[in-house]
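> fold the following, please.
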Amino acid sequence: MSRPRLRRLAPALDPDALGAELLGFLGSIEGALGDLAGGDGAPPGFDPRLFLAPGLPRVRPLLVLLSARAAAAEADGGRPDAEHLHVAASEHLGAAAELLHVAVALHDAALGRQGGRRRRAARRLLSGAAGLLGGNHLTLRALELSRAGGSPEVVGDMLEAMREIGEAHAIAQRTSGKLPTPAEAAAVAEGHTGAVFAFACRAGARLAGGERRHATSLGRYGRHAGVAWQIAEEMALLDARGPDELAALEDRAERGRAGLALALAAAAAPPVGEAWARLGRQPSPERARALVELLHQHGALAPARERLVQESWKARTALHTLGPSASRDLLEHIVTQLGRTAPEGRGEG
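Below you'll find the predicted structure:
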């Protein structure tokens, strides 16, 4: 994701709301990710920095720790020290969730523009890998880290997430090069970002030894939060303004990777789908800018904004089985603030 789009998602992960302790936790993971992604097993010359660009605090490790603490606060009627538990173990599972996310991004990058650095790096890493996620060192490292979580259920959750990601990838492949229906795009969002976020939240609950119902509720929160996060990212892309953002929009159209926000927009305004197809056939900054303007002229981002609000509400509702705690409040804060990242429309009627 480009830095301008990262800045648009900043309200969801406001450093002032997170505080020094959580930022320190995320900083420790940040320092380890490069070694984990580029260590033993990586092909010669593979540069993990292409897929681990710094920006916002990483949301997936944060979800692991907050879910662990929210679940721990429920254990035995609530523990006063729950807000300070599980930092060390959460680092392993947080890194596992982040590497799973990077593996998804890497496979997506493998379909990028001919000659792009990220595409070359991704294809070099994936050469010889079996299937979508099996065989490359990122997913193997994520599985190893999952075992360090202390619960065999976490490994099962990781494998389940990988299965879902594989199914979503198959849908994305079938619809590549054409505009997916909103239902198809929603299935991909739920199976990609939704599955990774759900894994992170369930893993945190397992780590805390929380009740099954709390792991289920947190997993449901993660699923909806993940879809909301992906819609927010896509809407920031579709509101492209600067050269870097327009280039990213061109690249995505050329790869035929329309997301849920674009699918909803095209269903509401067919000219948007036609403009997307033209941009994919002949990418250019002018066509990308024309697509953005068309989206706003037709008010076509409104359905995506509505879906983002719905997913945020469903995520917050999933937390109602958990009692009050500072960690639960932060989980709610993340999805509540996502709705404020959506572009308002620059003159939409």
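> ends of stretch 200-217, how far apart?
Between the start and the finish of stretch 200-217 there is a gap of 12 Å, counting by C-alpha to C-alpha, to the nearest Å.
> in it, what's buried?
Residues of stretch 200-217 classed as buried: 200-210, 214-215, 217 (neighbour count, 16 or more other C-beta atoms under 10 Å). In this view, the C-beta of every residue, glycine as well, is placed from N, C-alpha and C.
> how near is residue 336 to residue 17?
When C-beta to C-beta, to the nearest Å is the yardstick, residue 336 and residue 17 sit 11 Å from each other.
> on that earlier part again, the buried residues of stretch 200-217: which two are farthest apart?
Taking C-beta to C-beta, the two most distant members of the buried residues of stretch 200-217 are 200 and 209; they sit 17.0 Å apart.
> same list (the buried residues of stretch 200-217) but as JSON lines, adding distance to residue 234, secondary structure and pLDDT.
What follows is the buried residues of stretch 200-217, written out as JSON lines (distance: C-beta to C-beta, whole Å; DSSP: H, G, I helix; E, B strand; the rest coil; pLDDT from 0 to 100):
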{"residue": "200", "distance to residue 234": "20", "secondary structure": "helix", "pLDDT": "95"}
{"residue": "201", "distance to residue 234": "22", "secondary structure": "helix", "pLDDT": "96"}
{"residue": "202", "distance to residue 234": "25", "secondary structure": "helix", "pLDDT": "95"}
{"residue": "203", "distance to residue 234": "26", "secondary structure": "helix", "pLDDT": "93"}
{"residue": "204", "distance to residue 234": "26", "secondary structure": "helix", "pLDDT": "91"}
{"residue": "205", "distance to residue 234": "28", "secondary structure": "helix", "pLDDT": "91"}
{"residue": "206", "distance to residue 234": "30", "secondary structure": "helix", "pLDDT": "90"}
{"residue": "207", "distance to residue 234": "31", "secondary structure": "helix", "pLDDT": "87"}
{"residue": "208", "distance to residue 234": "32", "secondary structure": "coil", "pLDDT": "85"}
{"residue": "209", "distance to residue 234": "36", "secondary structure": "coil", "pLDDT": "82"}
{"residue": "210", "distance to residue 234": "32", "secondary structure": "coil", "pLDDT": "73"}
{"residue": "214", "distance to residue 234": "30", "secondary structure": "helix", "pLDDT": "91"}
{"residue": "215", "distance to residue 234": "29", "secondary structure": "helix", "pLDDT": "93"}
{"residue": "217", "distance to residue 234": "26", "secondary structure": "helix", "pLDDT": "96"}
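> of those residues, closest to residue 280?
Taking C-beta to C-beta as the measure, residue 280 lies nearest residue 200 of the buried residues of stretch 200-217, at 32.5 Å.
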